[in-house]
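give me a 3D structure for the following:
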Amino acid sequence: MSIREGYRFRNPYDARTTALIRGRPLSSDVPESPINSIMAVGGMGKSRAINRALASQFDQVIEHPTFPGVVGPYQQLVYLKVDVPGTGKLLDIARNLMIETAQALNTSEFDEMLSLKKPAAMNMFDAWLRVARRQSLGLLVLDEINNLFKPEPRKNRLAKAGQPSAPPILRLVEEEALRCLLTIANTWRIPLCFLTTPDGMEAMGTRFSVAQRMCLDGHHHIKFPDSAEDPDTLDFYLPALERYQYFAKPIVIGPMEREELFKLTGFVPRILFSAWRLGQRIALETDSKSFKFDHIRAAVNTYLAPLKAPISALQSNDPLRMRRYQDLLPPDGFWNGLG
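So this is what the prediction gives:
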């Protein structure tokens, strides 16, 4: 829907579209393009889900033999998915945008700018944006949008050490980075989709104009399982895991086994799959003839030991415990009710 909405006012036979490609914004009577958001704790599969949805529905690049206003063949860039780097800075975002676009279009157009030792962030972003407009980009997906924010200074956090209920405060790394990303949809009418963890969504929510756009255009909350009877896990994940066993005596996942797996992994897909895989690794390394739950427990207690406390906090649904891990706690009220 976002892609369709974004192309709705970019008819290639309309002179305004040609002007847009050449760098002239559409008139104010044309609606801004949508900004959607998908929120989930890490490991729930939001990135994989959007990758599969896009790849199964669309060709990333459509090769047109002819195109209005263009001499020769034309490449239409239907969608682009880019990770926001850990620095949260516009320069690094622009670099990632260039690299992914060059790979999709099989072009060397950005090579010279990417080779510069000290490029200007705004110049790089503008250079990428010109190509995105020119190739009629239909949707930009920005993963890990929470990387635009960083925790408040350490001295401030220490001052609150005796206040466990005080929420951690995330601040924008660069105002310019968020402002430039929003102009993609607001000025140039290219739809955006933000993928983020709960802490990033809450930080976004402090910007009223951004919160409005993400709320009204579509907010999706992928909630973590709250019991061993989670239907998605029962219908899809556990049957798939049972097929991937390499022992004469495999594990059969019944009700008791489901409860145990839920207790150990919280049914967070990435953790569940890792515990299953690493458990079999332990079984193979110990020359076991069968795959047992003891192997899965050993995997959780060794390889995945740092995750035991956050999994326990997640299952407790206790805000005070969850608040120890910034990206676990869903935002209060407003955002949480939209899921």
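
C-alpha only now, for contacts and for neighbours.
OK.

helices along the stretch 151-300 of the chain, start to end?
All helices of the stretch 151-300 of the chain, identified by DSSP state H, counting those that start in this stretch, fall at 154-159, 175-186, 198-205, 208-217, 231-232, 238-243, 255-265, 269-285, 293-301.

which strands or helices does the longest one pack on?
The reference is to helix 269-285. If you count contacts as 3 or more C-alpha pairs under 8 Å, 6 or more residues apart in numbering; DSSP states H and E, helix 269-285 packs onto helix 255-265, helix 293-301.

the first one versus helix 269-285: what angle between them?
Between the direction of helix 255-265 and that of helix 269-285, the angle (axes from the mean of the first three to the mean of the last three C-alpha atoms, to 10 degrees) works out to 110 degrees.

report the contact partners of Thr286.
Thr286 sits next to no residue when contact means C-alpha atoms under 8 Å, 6 or more residues apart in numbering.

from Ser2, how far off is Ala49?
Between Ala49 and Ser2 the computed distance is 16 Å (C-alpha to C-alpha, to the nearest Å).

and for Arg133?
Applying C-alpha to C-alpha, the value for Arg133 to Ser2 is 16 Å.

now Ile145
Counting by C-alpha to C-alpha, the gap from Ile145 to Ser2 is 18 Å.

please apply the same query to Ile282.
Applying C-alpha to C-alpha, the value for Ile282 to Ser2 is 45 Å.

I figured Leu192 hits Ile145, correct?
No - assessed by C-alpha atoms under 8 Å, Leu192 is found out of contact with Ile145, at 11.3 Å.

next, the nearest residue to Glu63 once chain neighbours are set aside: secondary structure please.
Of all residues not flanking Glu63 in the chain, Gln75 sits nearest, at 4.8 Å (C-alpha to C-alpha, 6 or more residues apart in numbering). Three-state call for Gln75 (DSSP: H, G, I helix; E, B strand; the rest coil): strand.

residues near Gln75, how many?
Residues lying near Gln75 (other C-alpha atoms under 10 Å) number 18.

any idea how far the residue nearest to Gln60 when sequence neighbours are not counted is from Ala120?
Distances taken as C-alpha to C-alpha, 6+ apart place Val78 nearest to Gln60, at 5.2 Å, with adjacent residues excluded. Taking C-alpha to C-alpha as the measure, Val78 falls 28 Å from Ala120.

do Ile145 as well
With distances taken as C-alpha to C-alpha, Ile145 is found 22 Å from Ala120.

Pro73 now?
Distance of Pro73 to Ala120, given as C-alpha to C-alpha: 32 Å.

mind checking the end-to-end distance for stretch 68-81?
Criterion C-alpha to C-alpha; first-to-last residue distance in stretch 68-81 is 27 Å.

just the strands from the chain, written as ranges.
Under the criterion DSSP state E, the chain contains strands at 35-39, 61-64, 74-77, 80-83, 140-143, 149-151, 170-172, 192-196, 219-221.

so which elements touch the fifth one?
Packing contacts for strand 140-143, counted by 3+ C-alpha pairs under 8 Å, 6+ apart, involve strand 80-83, strand 192-196.

which one of those has the poorest average confidence?
Mean pLDDT is lowest for strand 192-196 out of the helices and strands packed on strand 140-143, coming in at a mean of 90.
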